[in-house]
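Asks: Predicted model and sequence follow; I will ask about them next.
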2 protein chains.
Amino acid sequence: MFISPEAMLEHWQGHRRLTRRVIDAFPEDKLFTFSIGGMRTFGQLALELLSIGVPMMKGIATDTWDARVEADAMPKAEILRRWDEGTEVLNSLWRQIPVERFGQERTAFGQYPGKVHDLILYGIDNEIHHRGQGYVYLRALGVDPPHFYERA
Amino acid sequence: MFISPEAMLEHWQGHRRLTRRVIDAFPEDKLFTFSIGGMRTFGQLALELLSIGVPMMKGIATDTWDARVEADAMPKAEILRRWDEGTEVLNSLWRQIPVERFGQERTAFGQYPGKVHDLILYGIDNEIHHRGQGYVYLRALGVDPPHFYERA
């Protein structure tokens, strides 16, 4: 194998800790107002991440897919509260997944077919992608982002 | 297991195809001149990616670590030429790696200790991170970036 389920979960949770720090570093008054080149705000991107990560794992673990995407602006503290809540739920869902399922096919949110390991990697990669965009927003706002290599 | 070495290589090569398209979409005259918030140019970020991906895999496959980082601007065609050359080298190096090595410890470039699977994921994640920043640069320059989900 390339990596075990346990090591992959820890890798993802390391990313989630970094993403949390990037959300926390964002100025509250810019979260849903600032953008570059007509892109979405970082607040909207953060809401997208909330609507993919844990709901994806709930679908994979329980075959119940919840495709709701929150669209309304909310305070940073509420985003962080949902993020932290998701951290524990993610650990719990992950441990319910039989190991053979990672290589099986599923259709995420009734729309996106693929092997379970690819669906999960897509969610993690999407988090890294949008967080990287958040780094540019922070730099443009004069805020030093957290170090990319800090995952503890 | 979460994912096999073969599936992980294909996942990475999918990312590399997308990264190639983002480099190719970048206006030649902006590659080493445009930046946001004091960050590096996308050309410099692309050179960093060239200095991590394949050299990392060469180190893991052969225990020979080459820590050179190219710093001088070069034409986009030359970056793409090196990228394409790396694609084949990466496939060849990956297939030389005994499967048990992915769970062993190595010190990347004589400086970064970690399990081989984490070192490789770090390289891939770093590519996604900087490519995401390239998306913001492209949008700021009025260029539509390739779709994140296109990996073929």
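Replies: Everything's here; your move.

Asks: Averaged pLDDT, the longest helix along chain A. What do you get?
Replies: What stands out as the longest helix in chain A, according to DSSP state H, is helix A:116-140. For helix A:116-140, mean pLDDT rounds to 98.

Asks: ok, which residues in chain A are in contact with chain B?
Replies: A:1-5, A:7-8, A:11, A:15, A:36-39, A:99, A:102-103, A:115, A:117-118, A:121-122, A:125-126, A:128-133, A:135-142, A:148-149 (C-beta under 8 Å from any C-beta of the partner chain). From N, CA and C alone the C-beta is placed, and that goes for glycine too.

Asks: If any of those residues are buried, give me the ChimeraX selection for them.
Replies: The buried residues among the residues of chain A next to chain B can be selected in ChimeraX (16 or more other C-beta atoms under 10 Å in any protein chain shown) with this line:
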select /A:1,2,3,4,5,7,8,11,15,36,37,39,102,115,117,118,121,122,125,126,128,129,130,131,132,133,135,136,137,138,139,140,148
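
Asks: so where's chain A shaky on pLDDT?
Replies: For chain A, no stretch has pLDDT under 70.

Asks: Spatially central residue for it, please.
Replies: Nearest to the geometric centre of chain A sits A:Leu49, at 4.0 Å (C-alpha atoms, centre = their mean).

Asks: residues contacting that residue?
Replies: A:Thr19, A:Asn126, A:Glu127, A:His130 (C-beta atoms under 8 Å, 6 or more residues apart in numbering or on different chains).

Asks: And the furthest pair within these?
Replies: Between any two of the contacts of A:Leu49, the greatest separation by C-beta to C-beta is 10.9 Å, found for A:Thr19 and A:Asn126.

Asks: quick one, helices of chain A?
Replies: Counting by DSSP H, the helices of chain A are A:5-25, A:42-62, A:76-94, A:116-140.

Asks: right, and the ones you listed - which one's nearest B:Trp65?
Replies: Nearest to B:Trp65, of these and by C-beta to C-beta, is helix A:5-25 at 22.5 Å.

Asks: picking that back up, could you redo the helices of chain A as JSON lines and give each row distance to B:Arg68?
Replies: As requested, these are exported to JSON lines (distance: least, C-beta to C-beta, whole Å):
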{"stretch": "helix A:5-25", "distance to B:Arg68": "28"}
{"stretch": "helix A:42-62", "distance to B:Arg68": "35"}
{"stretch": "helix A:76-94", "distance to B:Arg68": "39"}
{"stretch": "helix A:116-140", "distance to B:Arg68": "25"}
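
Asks: Quick one, which of the ones you listed gets closest to B:Val89.
Replies: Once the helices of chain A are compared by C-beta to C-beta, helix A:116-140 is nearest, at 22.9 Å.

Asks: if I look at the closest residue to A:Leu119 other than its chain neighbours, how far off is chain B?
Replies: Among residues not flanking A:Leu119 along the chain, A:Ala108 sits closest, at 4.9 Å (C-beta to C-beta, 6 or more residues apart in numbering or on different chains). Here A:Ala108 is placed at a distance of 12 Å from chain B (C-beta to the nearest C-beta, to the nearest Å).
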